[in-house]
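Undergrad: The sequence isn't on hand, but the structure is:
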């Protein structure tokens with residue numbers, strides 16, 4: 001429908017999001033956060049989840065029902081991460097997560113989180129990360 005009057009809206013700015021947390025789940029600050037396929041609920045990332053960002057603070061829903069709490073995530077940015085055997089020649093390679101604190105250059109069934117922005121030292125780099133869009137099941 002076409003507007004016929006001013007319609008003020010609420011806008012969000014920046015790279016912060018708050019996502020409802022799955023039941024009986026605890027997500028630690030700094031954890032890679034994944035979305036449980038088919039539910040839209042957050043958990044500490046498991047290989048194959050859609051990457052939602054990094055937890056900005058702890059979210060403890062261990063004793064709660066689904067969506068009883070939310071996790072605050074940073075959806076994009078740069079972070080220093082330990083990434084397997086990262087080398088200076090790995091600049092711009094894609095980076096994946098196989099768990100909430102385990103990062104690799106190997107795709108297999110892992111979750112894409114971003115790419116190597118800068119080499120720091122063997123196995124450590126600055127990773128430019130971005131939440132991945134939720135791809136609906138066909």
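TA: Yes, it's here. Computed from a predicted model, the values in this text were never measured in an experiment. Numbers count the residues shown, from 1 in each chain.

Undergrad: hey, let's count contacts and neighbours off CA atoms from now on
TA: Will do.

Undergrad: got a list of what residue 37 touches?
TA: Residue 37 sits next to 49-50 when contact means C-alpha atoms under 8 Å, 6 or more residues apart in numbering.

Undergrad: Residue 17 touches residue 76, doesn't it?
TA: No. Counting by C-alpha atoms under 8 Å, residue 17 does not reach residue 76; the two are 10.2 Å apart.

Undergrad: Closest to the centroid, which residue in the chain?
TA: residue 53 (2.2 Å; C-alpha atoms, centre = their mean).

Undergrad: Name the single longest strand found in this protein.
TA: Assignment by DSSP state E gives strand 111-121 as the longest strand of the chain.

Undergrad: on contacts alone, who are the packing partners of it?
TA: Under the contact definition 3 or more C-alpha pairs under 8 Å, 6 or more residues apart in numbering; DSSP states H and E, strand 111-121 sits against strand 50-55, strand 94-99, strand 124-130.

Undergrad: Which other helices and strands does the first one contact?
TA: To tie it back to what came earlier, the one meant is strand 50-55. Applying 3+ C-alpha pairs under 8 Å, 6+ apart, one finds that strand 50-55 makes contact with strand 32-35, strand 70-74, strand 111-121, strand 124-130.
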